[in-house]
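here is a sequence with its predicted model. Questions after.
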Amino acid sequence: MSLIHSDVGRKDTDEIFLCPIHGVIPKRIPSYFHKAVIVARDSTNYGTSILNSLNCPKCGQIFSTHDVEEKKGVMIFKYHCPNGHKELRYVPTDAHPAILKTVFKRFIHCEQCGLPCKILNTSTKDDKARIEVSCPVHGKTRKEMPAKHAWMIEKIAEAVSEGSLVRSMLNCTECSSKLSIRSIEIYKDKYKLKCGCPNGHTREMLQPIELDEEAIDAIVAGVLKCNECDILTDIISTKIIGFLVELELVCPIHQDMKKSVTGNLYKHIEERAPQIDKMEFIEKSLICEKCPSVVRIKDTKVKDKVIELKVECHNGHSSERYVSRTAEHKALVRYYLQLYECYKCHGKRDLQRIEDDNEKTEVFLFCNQHKDSNLTIPSEHKEAVRDAFLQTKSLRDLEILADKTLQTTRACEYQMDLKADAAEMLELVKNVIGQHSVLYVDDKTDSKTGLEAWYYGKALDGDEYVVIGSASKENLSLRISIASSNEKNLEVMLAEMRENLREVLLRIQTKSDDSAPQKISCPQCNAGLAKRALPGETITCEHCGTPLHFG
């Protein structure tokens with residue numbers, strides 16, 4: 001309660017308290033207790049009791065304000081909840097502005113459903129303000145309040161964006177689940193949104209044609225949301241039907257579904273859908289529906305628009321997942337990562353090769369306990385399957401491969417400037433290596449070669465590559481070494497990396513030297529040299545055949 005008035009007498013004091021639920025409560029106390037009451041008032045946060053009273057005591061729903069009137073320093077709020085219960089609440093006129101703002105926020109919410117409304121018009125007559133609001137579901141209604149507080153409603157409305165309004169609308173008022181938008185059409189110069197939640201509750205809402213960017217984002221997310229869960233879907237096909245565009249969507253768990261939207265809204269969906277990060281939803285889809293285990297892929301079935309993944313979790317629960325054949329690369333990589341743990345023994349599976357066979361592509365896998373297995377994928381998913389396998393390798397795996405499995409190793413080396421920083425030079429080497437189809441795995445420090453960066457690559461035919469870039473301050477050397485099972489391809493890759501690194505180092509050296517043109521010639525025959533050399537490099541004069549070493 002809050003103390004709103006005191007009448008101090010010689011013997012007794014009449015105190016008037018205000019309860020947010022029961023209203024004005026007068027009490028008479030001995031005057032010598034008045035100071036204690038004042039101390040208690042100053043140390044008590046009466047705002048908490050006011051805010052706690054905004055929930056309906058019968059059903060727990062949050063109240064929305066119907067009308068507000070003021071009498072003798074007390075504001076009386078007439079509240080309704082979405083279930084039809086009516087209550088009165090009482091707040092001091094001189095309450096803290098933050099409390100008044102929170103209480104008045106409920107003024108712009110619909111009394112029937114609790115959704116936030118838009119203010120259409122405000123008019124003032126004498127000491128009363130009449131405010132017309134519009135609910136996206138239940139239409140227009142008028143409310144009254146003291147005119148001196150009308151400015152606060154306008155400030156609150158200005159702070160509420162269209163996007164936050166739409167996001168609030170897309171929550172089911174019956175079960176609090178998120179709504180998905182099933183269809184959008186034009187109705188009386190407005191968008192008519194037909195929505196539903198996974199529990200079967202439906203709702204229709206109206207929205208203006210002109211929406212801000214935040215509101216459009218919320219509507220796009222509502223259209224892409226699965227009808228049965230909170231996962232965002234992928235668009236697998238579109239079809240124009242009159243003034244509408246029919247979308248065929250696929251949810252990783254609940255298969256395909258169809259929705260329809262207006263043509264101008266489809267343009268926004270087409271533009272924004274690729275920009276949405278769906279990795280969080282992909283992770284959710286990889287959890288078993290019956291237990292918290294992560295599922296593993298045991299087989300695949302290629303269809304026209306999707307690939308069906310047969311999956312199984314550690315506890316033996318089997319089900320399916322559905323992935324668009326045109327899903328973005330990083331999404332496909334995340335799904336195919338589940339290929340490389342055996343669904344039977346949960347050990348690692350190795351990718352042996354990927355082969356094109358007539359109109360299908362086969363992936364050949366190997367498990368130490370369960371031997372060979374193969375499955376079919378769309379041909380456009382080959383790189384995603386390969387890239388997913390690259391992500392399974394650790395630094396220790398690469399060390400074993402380089403030492404014991406891959407027999408052929410080649411390297412190139414350049415001299416590093418005495419003043420150069422080893423870490424910075426290693427970044428140059430990493431940039432050169434990163435231009436090739438290999439995946440960075442980890443860094444390490446070696447006593448002989450200095451700072452090292454390890455990379456792993458695998459060709460579709462099964463050839464493997466371990467690439468190590470290093471920079472040693474002690475030896476003043478930059479080095480790239482490659483270990484592989486295919487000597488011919490190794491030589492080609494190393495030659496490209498050697499030349500690319502050489503060009504980078506030459507550009508650095510040119511920037512640090514005198515920029516005036518210089519003739520680079522052989523000291524023996526004075527013939528011009530075909531190319532400039534780096535410190536520590538030996539080249540041969542094409543005119544006289546003299547080997548020239550540059551210090």
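The structure has been received and is ready for your questions. Numbering: from 1, shown residues only.

for residue 158, pull up the helix or strand it's in.
Element membership for residue 158, per DSSP states H and E: helix 150-159.

per the record, what domains does this protein have?
45-133+141-156, 166-276, 283-391, 395-519 (the TED database).

average model confidence for the last one?
Pointing back at domain 395-519 there. The pLDDT scores in domain 395-519 average 87.

can you give me the offset of that domain from its chain's centre?
34 Å (Cα atoms, centre = their mean, to the nearest Å).

ok, now the first one?
With Cα atoms, centre = their mean as the basis, the distance from the averaged C-alpha position of domain 45-133+141-156 to the chain average is 36 Å.

that older thread, send the alpha carbons of the helix holding residue 158 over as CSV?
In CSV, the C-alpha atoms belonging to helix 150-159 read as follows (Å, rounded to 0.1, in the frame of the first residue of the first chain):
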residue,chain,number,x,y,z
ALA,A,150,-2.7,11.6,-22.7
TRP,A,151,0.8,12.8,-23.6
MET,A,152,2.2,9.7,-21.9
ILE,A,153,0.1,7.4,-24.1
GLU,A,154,1.4,9.1,-27.2
LYS,A,155,5.0,8.7,-26.0
ILE,A,156,4.5,5.0,-25.3
ALA,A,157,3.0,4.5,-28.7
GLU,A,158,5.9,6.2,-30.4
ALA,A,159,8.3,3.9,-28.7
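
quick one: contacts of that helix?
When contacts are defined by Cβ atoms under 8 Å, 6 or more residues apart in numbering, helix 150-159 is touched by residues 100-101, 104-105, 107-108, 118-119, 122, 124, 129, 131, 145. To be clear about C-beta, it is placed using only N, CA and C from the backbone, and glycine gets the same treatment.

if you set the cut-off to 10 Å instead, what comes out?
65, 68, 97, 100-108, 116-119, 122-124, 128-131, 133, 143, 145 (Cβ atoms under 10 Å, 6 or more residues apart in numbering).

which of these fall in helices?
Assigned to helices by DSSP state H, the following of these qualify: 97, 100, 101, 102, 103, 104, 105.

quick check: chain neighbours aside, which residue is closest to residue 96?
Distances taken as Cβ to Cβ, 6 or more residues apart in numbering place residue 47 nearest to residue 96, at 6.2 Å, with adjacent residues excluded.

hang on, that neighbour in a strand?
No - counting by DSSP: H, G, I helix; E, B strand; the rest coil, residue 47 is not part of a strand but helix.

who's in contact with the spatially closest residue to residue 99 that is not a sequence neighbour?
Using Cβ to Cβ, 6+ apart and skipping residues adjacent in sequence, the residue nearest residue 99 is residue 47, 4.5 Å away. Residue 47 sits next to 2, 20, 91, 95, 96, 98, 99, 100, 102, 103 when contact means Cβ under 10 Å, 6+ apart.

ok, the residue nearest to the spatial centre of the chain - contacts?
Centroid-nearest residue in the chain: residue 277, 4.4 Å away (criterion: Cα atoms, centre = their mean). Residues counted as contacts of residue 277 (Cβ under 10 Å, 6+ apart) are 232, 328, 330, 331.

helix, strand or coil for it?
coil.

pLDDT score for it?
Residue 277 is given a pLDDT of 93.

same question for residue 48.
pLDDT recorded at residue 48 is 83.

kindly report the same for residue 158.
76.

the helix ranked longest in the chain packs against which elements?
Counting residues, the longest helix found in the chain (DSSP H) is helix 487-512. Contact analysis of helix 487-512 by 3 or more Cβ pairs under 10 Å, 6 or more residues apart in numbering; DSSP states H and E lists strand 408-415, helix 422-433, strand 464-472, strand 477-484 as its packing neighbours.

what angle separates it from helix 422-433?
Orientation note: helix 487-512 sits at an angle of 130 degrees relative to helix 422-433 (axes from the mean of the first three to the mean of the last three Cα atoms, to 10 degrees).

and after helix 487-512, which helix or strand comes next?
Under the assignment DSSP H and E, the closest C-terminal helix or strand after helix 487-512 is strand 538-540.

coming back round to it: now the buried members of the contacts of residue 47.
2, 20, 91, 95, 99, 100, 102, 103 (16 or more other Cβ atoms under 10 Å).

about what we covered before: what's the spacing between the residue nearest to the centre of the chain and residue 283?
11 Å (Cβ to Cβ, to the nearest Å).

a helix runs through residue 77, doesn't it?
No - judged by three-state DSSP, residue 77 forms no part of a helix; its state is strand.

and it, how many neighbours does it have?
Applying other Cβ atoms under 10 Å, we find 23 residues neighbouring residue 77.

I'd guessed it sits against residue 20; true?
Yes - counting by Cβ atoms under 10 Å, residue 77 does reach residue 20; the two are 9.1 Å apart.

shared neighbours of these two, anything?
Joint contacts of residue 77 and residue 20 (Cβ under 10 Å, 6+ apart) are 53, 54, 88, 89, 90, 91, 103.
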